[in-house]
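A.B. asks: Okay, structure incoming, though there's no sequence with it:
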């Protein structure tokens, strides 16, 4: 039970706080020794106790970070894939399918395998929680000084690997760690490297500063792959959106493609110009919105957080950049602004209208109204053509049309029945997923 786990954690913290300094040091040394145990459950307990130490001592725990932090990063490395993947979620290991074929039908072997996987998952989650505690209290000490560059490098690459892990909490914690680290980077320096204004010595600076274009691009694609329609939790979507806003802060000074075409640059300048910009990032956001509309139209979590990204983008960007990106920002919003459409969710409608009003204030009413009218006309035209294609298909291929109609009616019946059952109390509402922060 979460309440019981929280009570036990509180008791341990009180005990740690009451013992004197020498006993506390001995307890810490014993906890470090537990990290070398062969059993995942013991290592999980060690990581949990280390988190309790950090919660109690807070800033006074700083002298022990030199020993603890590299150990945790090493243990994190031992649980991940060998290489970071492009669009990592697509390469998730299908352990359950493969191992069922390799094992016999003996239920005991299947149970043992599942318990081992569960123990490994819990160990990994607790190690991540401990790292998050360290970053929460000591990020200003760790993420600023060059002596930690090697450990931070390893940590980011391992977290990128973990984006392909099967357990959702592991992926969520990995995204949280990446967001913590990126929130302390030097935006101006990374932008200067992207625009070829500054050169960096690879031996001095780590990860994002060496090859920022490739790092941002690969990580953005991996994070976009996490946004699975109908399956991504709100917590994960929120953390990913925050990272996208960090990337937008970096890319806002990078020249857009429209500007690049208008300028009369030399061959060398055009050859060295950064191809990664806000247009590219907004295109990725539009793909996420389109995927949710087509694959999970009744879900709106991804669109909600993509729209939050648009709202943040309008805040941080200058007027001249917003004017160039206005079409890319407004086109996904226009679909949700149509009040006559019954399929539009009320929350999305209110959110899109609010963002639209902010965009109007930024670029002016005349420009905004003109763009919105053009986009709405295109949207209505597409819908008209779609209806026309369906009508023609009914004549040319009536069997397929009948099957399609039956499928639509069946979905409506299932949805209606589910709503009636919930009202009558026959079906309980969805249980709230326990957050990993509530774990011991």
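C.D. replies: Perfect, thanks for sending it. All of these numbers come straight from a predicted model, not from anything done at the bench.
A.B. asks: excluding its backbone neighbours, what's nearest residue 333?
C.D. replies: Leaving aside its sequence neighbours, residue 333 sits nearest to residue 352 (Cβ to Cβ, 6 or more residues apart in numbering; 4.3 Å). Glycine gets a C-beta too; all of them are placed from N, C-alpha and C.
A.B. asks: Can you identify the element that follows the helix or strand that contains the one you found toward the C-terminus?
C.D. replies: Residue 352 is part of helix 346-363, with elements assigned from DSSP states H and E. Beyond helix 346-363 in the direction of the C-terminus, DSSP H and E gives the next helix or strand as helix 365-396.
A.B. asks: Tell me the buried residues in that next one?
C.D. replies: Within helix 365-396, the residues that qualify as buried are 368, 371-372, 375, 379, counting by 16 or more other Cβ atoms under 10 Å.
A.B. asks: Are there helices or strands packed against that helix, and which ones?
C.D. replies: Identification of packing neighbours for helix 365-396 by 3 or more Cβ pairs under 8 Å, 6 or more residues apart in numbering; DSSP states H and E yields helix 319-337, helix 346-363, helix 398-424.
A.B. asks: chain center to the helix holding residue 352: distance?
C.D. replies: Relative to the mean C-alpha coordinate of its chain, helix 346-363 is positioned 24 Å out (Cα atoms, centre = their mean, to the nearest Å).
A.B. asks: heads up, I number from 287, so please use that
C.D. replies: Yes, from this point I'll number from 287; that puts the last item at helix 632-649.
A.B. asks: Without its sequence neighbours, what residue ends up closest to the residue most central in space within the chain?
C.D. replies: Ranked by distance to the mean C-alpha position of the chain (Cα atoms, centre = their mean), the top residue is residue 526 at 2.8 Å. Counting by Cβ to Cβ, 6+ apart, residue 509 is the residue found nearest to residue 526 once chain neighbours are left out, at 4.9 Å.
A.B. asks: Pull the contacting residues for that neighbour.
C.D. replies: By Cβ atoms under 8 Å, 6 or more residues apart in numbering, the contact list for residue 509 reads 449, 461, 526, 529-530.
A.B. asks: which of those has the most neighbours?
C.D. replies: When neighbours are counted by other Cβ atoms under 10 Å, residue 526 leads these with 28 neighbours.
A.B. asks: What is the helix or strand hosting that residue packed up against?
C.D. replies: Following DSSP H and E, the helix or strand that holds residue 526 is helix 520-537. Where contact means 3+ Cβ pairs under 8 Å, 6+ apart, helix 520-537 is packed against helix 454-468, helix 473-480, helix 498-512, helix 564-581, helix 587-602.
A.B. asks: Near residue 459, how many other residues are there?
C.D. replies: Residue 459 - counted by other Cβ under 10 Å - has 25 other residues nearby.
A.B. asks: ugh, typo on my part, it should be residue 463
C.D. replies: 22.
A.B. asks: That one reaches residue 418, doesn't it?
C.D. replies: Yes - counting by Cβ atoms under 8 Å, residue 418 is a contact partner of residue 463 at 6.4 Å.
A.B. asks: chain center to the longest helix along the chain: distance?
C.D. replies: Ranked by residue count under DSSP state H, the longest helix found in the chain is helix 393-428. Taking Cα atoms, centre = their mean, one finds helix 393-428 lying 18 Å from the centre of the chain it belongs to.
A.B. asks: tell me the mean pLDDT over the helix or strand following it?
C.D. replies: Proceeding N to C from helix 393-428, the next assigned helix or strand is helix 435-448, under DSSP H and E. For helix 435-448, the per-residue pLDDT values average out at 88.
A.B. asks: other SSEs contacting helix 435-448?
C.D. replies: When contacts are defined as 3+ Cβ pairs under 8 Å, 6+ apart, helix 435-448 packs onto helix 351-363, helix 393-428, helix 454-468, helix 498-512.
A.B. asks: Run the angle between that helix and helix 454-468 for me.
C.D. replies: Angle between the axes of helix 435-448 and helix 454-468 is 150 degrees (criterion: axes from the mean of the first three to the mean of the last three Cα atoms, to 10 degrees).
A.B. asks: mind listing what's buried in helix 435-448?
C.D. replies: The neighbour-count check on helix 435-448 (16+ other Cβ under 10 Å) flags 435, 437-442, 444-448 as buried.
A.B. asks: can you give me the offset of it from its chain's centre?
C.D. replies: Relative to the mean C-alpha coordinate of its chain, helix 435-448 is positioned 16 Å out (Cα atoms, centre = their mean).
A.B. asks: In terms of secondary structure, what does the helix or strand where residue 329 lies contact?
C.D. replies: Remark: residue 329 resides in helix 326-343, with elements defined by DSSP H and E. Where contact means 3+ Cβ pairs under 8 Å, 6+ apart, helix 326-343 is packed against helix 288-304, helix 307-320, helix 351-363, helix 393-428.
A.B. asks: what does it rub up against?
C.D. replies: 295, 298-299, 302-303, 314, 317-318, 320-321, 323, 347, 350, 354, 358, 361, 402, 405-406, 408-409, 412-413, 415-416, 419-420, 423, 726.
A.B. asks: if we can go back for a sec, distance of the residue nearest to residue 619 relative to residue 652?
C.D. replies: Residue 638 is 20 Å from residue 652, where distance means Cβ to Cβ, to the nearest Å.
A.B. asks: ok so, going back, and of the helices and strands packed on helix 520-537, who's closest to residue 617?
C.D. replies: Of all these, it is helix 564-581 that lies closest to residue 617, at 7.2 Å by Cβ to Cβ.
A.B. asks: For residue 708, see how far away residue 605 is.
C.D. replies: In this view, residue 605 and residue 708 are 47 Å apart by Cβ to Cβ.
A.B. asks: ok, now residue 459?
C.D. replies: For residue 459, the distance to residue 708 (Cβ to Cβ) stands at 33 Å.
A.B. asks: Over to residue 313?
C.D. replies: Distance check for residue 313 against residue 708: by Cβ to Cβ, it reads 50 Å.
A.B. asks: what about residue 363, how many residues close to it?
C.D. replies: Burial of residue 363 is recorded as 13 neighbouring residues (other Cβ under 10 Å).
A.B. asks: Pretty sure it sits against residue 448.
C.D. replies: No - no contact is recorded between residue 363 and residue 448 when judged using Cβ under 8 Å, the distance being 10.4 Å.
A.B. asks: follow-up on the earlier one: chain center to the helix holding residue 329: distance?
C.D. replies: A distance of 26 Å separates the C-alpha centroid of helix 326-343 from that of its chain, computed with Cα atoms, centre = their mean.
A.B. asks: So for residue 605 and residue 708, which sits in the more crowded spot?
C.D. replies: Neighbours per residue, other Cβ under 10 Å: of residue 605 and residue 708, the larger number sits with residue 708, 13 against 9.
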